[in-house]
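> Based on what follows, work out the 3D shape:
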Amino acid sequence: MPQHQYRAFKNTFGEFGGRYVAEVLRPPLDELEAAFIAAMNDPQYRAEFDSICTEYIGRPTPLLHARNTSREIGGAQLYIKLEGLANTGAHKINNAVGQALLAKRMGKTRIIAETGAGQHGVATAAICAKLGLECCIYMGEVDIARQKPNVFCMELYGAEVRPVSGGSRTLKDAVNEALRDWASSFANTHYLIGSALGPSPFPDMVREFQSVVGQETKAQLKAAGATPDALVACVGGGSNSIGFFSPYLESETPRLIGVEAGGRGMNTGEHAARMNGLGKTGIVQGYKSLFLLDDDGQVQATHSVSAGLDYPGIGPQLAHLGSIGRIEFTRATDTEALDALKLFARNEGVIFALESAHGGAAALKLAAELPPSATVVVNMSGRGDKDIFITAREIAPESWKRFLEQEVQTL
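Presented below is the predicted three-dimensional model:
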């Protein structure tokens, strides 16, 4: 965890961010901000966080030089931050640990969370089990169906998974339900938001807890004698990318590249790309940022083969950094992400989560354009075992169908 003094945050990033909530939520947000700043300035809290990172999460996670892929491309040296090797399978556990420890410090006994791809839900359920906290996870019915392995794990950890049937039945609707719950239960409940979005202080909190990914990567590159020319990460709400990029946000180098979901194409409802002029400024779910909105200001439908990148908004700090040019944004299609997933599996023996594979696809393109003396680092923010019900259907549909039919017959 960064070793500097914490004071009150600005709460905004340029024109984005802020705290646009009903009056009932202002007291718990004020309480949360004060508790967070106090905790981050408390050596005992920081030591406990660092201890759990080492003993429970398994930090530091490795930085892999993807030599086979670098050789095949013939361009830049490609490195992969293997965040998927963290306990519970993704970067989400870093933030879940930080917030759960903070909630316990505040005297909260119940945790609620939203989840899309399920990794944040799994991480939250796991740390709640370890710390003895009651846990309730809101998850859209669409995501429950396509992320059944993660639902099983959440329930195995003892969490209640509450299906959300309203709206698109995906992540944005799960956020809505969690906010409603928190508005009536904050006396004993902490809402553990999983991405770098929502009303202040959540974007700052999530960035700080996820900054461990970027700090480790910077140190590991230095130890390897490598200077990064570009860092690449997928972007849904933005927790893995803002944490990965965090050590370099105030400098001019390296290039920082965020990769959004290009989906099936750029028609409305076929993608989840908000940057590069595609999103509109709006206030949704308590914060101001760029969202996919129609002419009436209503949130548009989205699509991604990955359950974690189909959120219609982007974290406010990422929106700001994109608007001033510090972060470059591009997108990868469903097909490109699946192709990248297969390539890294066969070349390097690692299976990217579908979300992370979007970053992998962009990193492959970039590395091919640069000389062998350059260095590109991609964050494998999660591993792909959670996606078996999606990737198997996409990559080997007939054999997967036969397997499922056989399984049904044995029930």
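
> What is the host helix or strand of residue 321 packed up against?
Per DSSP states H and E, residue 321 falls inside helix 316-323. Judged by 3 or more Cβ pairs under 8 Å, 6 or more residues apart in numbering; DSSP states H and E, helix 316-323 is in contact with strand 12-13, strand 16-17, helix 202-223, helix 239-245, strand 255-263, strand 287-291, strand 327-333. Backbone N, C-alpha and C define where each C-beta goes, glycine included.

> Show me how far the following helix or strand past the last one is from its chain's centre.
Right, strand 327-333. Next along the chain after strand 327-333, taking DSSP H and E as the criterion, comes helix 334-348. In terms of Cα atoms, centre = their mean, to the nearest Å, the centre of helix 334-348 is found 20 Å from the chain centre.

> buried stuff in helix 334-348?
For helix 334-348, the neighbour count (16 or more other Cβ atoms under 10 Å) marks 334, 336, 337, 338, 339, 340, 341, 343, 344, 345, 347, 348 as buried.

> got CSV for the residues you listed, with pLDDT too?
Shown next, in CSV, are the buried residues of helix 334-348 (pLDDT from 0 to 100):
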residue, pLDDT
334, 98
336, 98
337, 98
338, 98
339, 98
340, 98
341, 98
343, 98
344, 98
345, 98
347, 98
348, 98
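
> following the lowest-mean-pLDDT helix or strand in the chain, which helix or strand shows up next?
Every helix and strand in the chain was compared by mean pLDDT, DSSP states H and E; the lowest is helix 141-146, with a mean of 88. Sequence-wise, the next helix or strand downstream of helix 141-146 (DSSP H and E) is helix 148-156.

> so how far is residue 400 from residue 407?
Computed as Cβ to Cβ, to the nearest Å, the residue 407 to residue 400 distance reads 11 Å.

> Might you report the residue contacts of residue 140?
Residues near residue 140 by Cβ atoms under 8 Å, 6 or more residues apart in numbering: 116, 163, 164, 167, 168, 169, 170, 171, 173, 174.

> circling back: how about the least confident helix or strand of the chain: buried residues?
Neighbour count says helix 141-146 has 142, 143, 144, 146 buried, by 16+ other Cβ under 10 Å.

> The nearest residue to the first one once chain neighbours are set aside in helix, strand or coil?
Which is residue 142. Distances taken as Cβ to Cβ, 6 or more residues apart in numbering place residue 169 nearest to residue 142, at 4.4 Å, with adjacent residues excluded. With DSSP: H, G, I helix; E, B strand; the rest coil as the basis, residue 169 sits in coil.

> And for residue 169, the neighbour number?
Counted with other Cβ atoms under 10 Å, residues neighbouring residue 169 total 18.

> That one reaches residue 145, doesn't it?
No - using Cβ atoms under 8 Å as the test, residue 169 is too far from residue 145 to be in contact (9.0 Å).

> circling back: so what's the gap between the helix holding residue 321 and the chain middle?
So, by Cα atoms, centre = their mean, the centroid of helix 316-323 is 16 Å from its chain's centroid.

> Enumerate residues external to it that contact any of its residues.
Against helix 316-323 from outside (Cβ under 8 Å, 6+ apart): 12-18, 196-197, 203, 207, 235, 238, 241-242, 249, 256, 258, 274-275, 279, 287-290, 314, 327-329.

> hmm, try it at 7 Å
With contacts defined as Cβ atoms under 7 Å, 6 or more residues apart in numbering, helix 316-323 is touched by 13-14, 16-17, 196-197, 203, 207, 235, 238, 241-242, 249, 258, 275, 287-290, 327, 329.

> how is the chain carved up into domains?
With domains defined by automatic domain parsing, the chain comprises 13-56+91-202, 59-89+210-395.

> in stretch 28-37, what's buried?
Those would be 28, 29, 32, 33, 35, 36, 37, for stretch 28-37 by 16+ other Cβ under 10 Å.

> for these, which one is nearest residue 104?
Top of the list for closeness to residue 104, among the buried residues of stretch 28-37 and by Cβ to Cβ, is residue 35 at 10.8 Å.

> tell me the mean pLDDT for stretch 43-56?
Averaged over stretch 43-56, pLDDT sits at 97.

> Convert the C-alpha atoms of the helix or strand hosting residue 36 to PDB, please.
Taking DSSP H and E as the definition, one finds residue 36 inside helix 26-40. The C-alpha trace of helix 26-40 is given here as PDB (Å, rounded to 0.1, in the frame of the first residue of the first chain):
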ATOM      1  CA  ARG A  26     -25.100  11.600   2.600                       C
ATOM      2  CA  PRO A  27     -24.400  10.700   6.200                       C
ATOM      3  CA  PRO A  28     -23.100   7.100   5.500                       C
ATOM      4  CA  LEU A  29     -20.900   8.500   2.700                       C
ATOM      5  CA  ASP A  30     -19.500  11.200   5.000                       C
ATOM      6  CA  GLU A  31     -18.900   8.600   7.700                       C
ATOM      7  CA  LEU A  32     -17.200   6.300   5.100                       C
ATOM      8  CA  GLU A  33     -14.800   9.000   3.800                       C
ATOM      9  CA  ALA A  34     -13.700  10.000   7.300                       C
ATOM     10  CA  ALA A  35     -13.200   6.400   8.300                       C
ATOM     11  CA  PHE A  36     -11.200   5.700   5.100                       C
ATOM     12  CA  ILE A  37      -8.800   8.600   5.600                       C
ATOM     13  CA  ALA A  38      -8.300   7.700   9.300                       C
ATOM     14  CA  ALA A  39      -7.600   4.100   8.400                       C
ATOM     15  CA  MET A  40      -5.200   4.900   5.700                       C
END
